[in-house]
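Novice: this one's structure only:
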């Protein structure tokens, strides 16, 4: 307790030095926490977007043709899922002939995808408003749109879905965040046959960690042999989580190196302040030694002073990063169309640990110099 009181007295006696050290530590901690935040935001947002657009690990897109009715598609989808052991399976069609119409004008930027309700099991879109698609019998098509489509339809009085020959009014039942930049409209799969103008090119998405393309090809061939009128056109993986892991790891290492370099510059700056004031404090050390303080006690005062400044800097850095974090990650998340992660309370502990370590490392040399100075050499100065 006595050492703590002496350290507080020393800090009050040199306010400019204390402010400089706290400022250097605060800036260093803000930079370090900013890098940690950037790593978290980059990793979670990019991984989230990859999951929403490409599906979880081992997601296969199987393109087939030959089917002509919704019941046929349903039976084939169920058989393929069962024979391949897929955890999730969905059928979808992206029809460039069917688009959104507003006020009698075709919205060419909009994408329309006819999907089965299980599509969201593979692409877990966050629902912003309303509900996801369900097999409900209604007169007009019930659709789910993404956030860019909300802006597109904001001022439309009678939006419609269809082709140049045939269109129907739509009812928006939900809004999702799908990671897409362009307007995207999701419609129940069976509605596709109302606008069917050409041969059906069907995509079946299968998702399971143990999926194998050869097994899927074998299942399609077996169904074909049993009389199912299907022809395999293409099969490929759509998931990107594994490929992104290495890229994210490299980027994280680069950011961490930059953070360490910034932290090293902070330590060097504080060390310079400590060395420059060590000789100036020789009279203080002399007085304390003549009053009975040992070398270890004088060195301990220097170390305790640095830790008190570190605690203050960590509190300021934590508060500053907490206020800046929502603005930074909100902008980043909005740019790539996904929900940004929240602020982690552990950053406060990280700030305290790093600030304490930086302050301790920068005060070790001044503390050792104080410890090694004998009383006679101090009194001669």
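Specialist: Cool, got the structure. Predicted model only: the values in this text are computed from it and were never measured. Numbers count the residues shown, from 1 in each chain.

Novice: and residue 147, how far from residue 120?
Specialist: 16 Å (C-beta to C-beta, to the nearest Å). (Glycine included, C-beta is placed from N, CA and C.)

Novice: kindly report the same for residue 316.
Specialist: If you measure residue 316 against residue 120 using C-beta to C-beta, the figure is 44 Å.

Novice: residue 257 now?
Specialist: 40 Å.

Novice: the more surrounded of the two?
Specialist: Neighbour count, other C-beta atoms under 10 Å: between residue 257 and residue 120, residue 120 has more, with 19 against 11.

Novice: can you tell me the element the more buried one falls in?
Specialist: Assignment of secondary structure by DSSP states H and E places residue 120 within helix 119-122.

Novice: then residue 106?
Specialist: With DSSP H and E as the criterion, the answer for residue 106 is strand 105-107.

Novice: what about residue 110, how many neighbours?
Specialist: Residue 110 is surrounded by 22 other residues when neighbours are defined as other C-beta under 10 Å.

Novice: contacting residues around it?
Specialist: Residue 110 makes contact with 99-100, 149, 152, 182-185, according to C-beta atoms under 8 Å, 6 or more residues apart in numbering.

Novice: please repeat the previous calculation with a cut-off of 7 Å.
Specialist: Each residue near residue 110 by C-beta atoms under 7 Å, 6 or more residues apart in numbering is listed here: 99-100, 149, 152, 183, 185.

Novice: for residue 96, see how far away it is.
Specialist: Remark: distance between residue 110 and residue 96 (C-beta to C-beta) = 11 Å.

Novice: what's the burial count for residue 25?
Specialist: Close neighbours of residue 25, defined as other C-beta under 10 Å, add up to 30.

Novice: residues near the residue nearest to it when sequence neighbours are not counted, how many?
Specialist: Once flanking residues are discounted, residue 25 sits nearest to residue 313: 3.4 Å by C-beta to C-beta, 6 or more residues apart in numbering. Taking other C-beta under 10 Å as the criterion, the count of residues near residue 313 is 29.

Novice: does residue 313 touch residue 356 like I think?
Specialist: No. The pair formed by residue 313 and residue 356 falls short of the contact definition of C-beta atoms under 7 Å, at 9.5 Å.

Novice: where does the stretch 51-200 of the chain dip in pLDDT?
Specialist: Counting by pLDDT under 70, the stretch 51-200 of the chain contains low-confidence residues at 197-198.

Novice: what's the domain layout of the protein?
Specialist: Using automatic domain parsing, the domain parsing of the chain gives 2-51+243-380, 54-242.

Novice: wait, what's in contact with the closest residue to residue 174 other than its chain neighbours?
Specialist: Nearest residue to residue 174 in three dimensions, chain neighbours excluded: residue 130, at 3.3 Å (C-beta to C-beta, 6+ apart). With contacts taken as C-beta under 7 Å, 6+ apart, residue 130 has the following neighbours: 173-175.

Novice: now swap in residue 94 and tell me
Specialist: Contacts here follow C-beta under 7 Å, 6+ apart; on that basis residue 94 touches 111, 113.

Novice: let's see that with 10 Å instead.
Specialist: When contacts are counted by C-beta atoms under 10 Å, 6 or more residues apart in numbering, residue 94 touches 111-115, 184, 201, 203.

Novice: what two of these are the furthest from one another?
Specialist: Largest separation among those by C-beta to C-beta: 184 and 201, giving 18.8 Å.

Novice: which one's more surrounded, the two?
Specialist: Between residue 184 and residue 201, residue 184 has the larger neighbour count (other C-beta under 10 Å), namely 23 against 15.

Novice: now that one: how far from residue 50?
Specialist: The gap separating residue 184 from residue 50 is 17 Å, by C-beta to C-beta.
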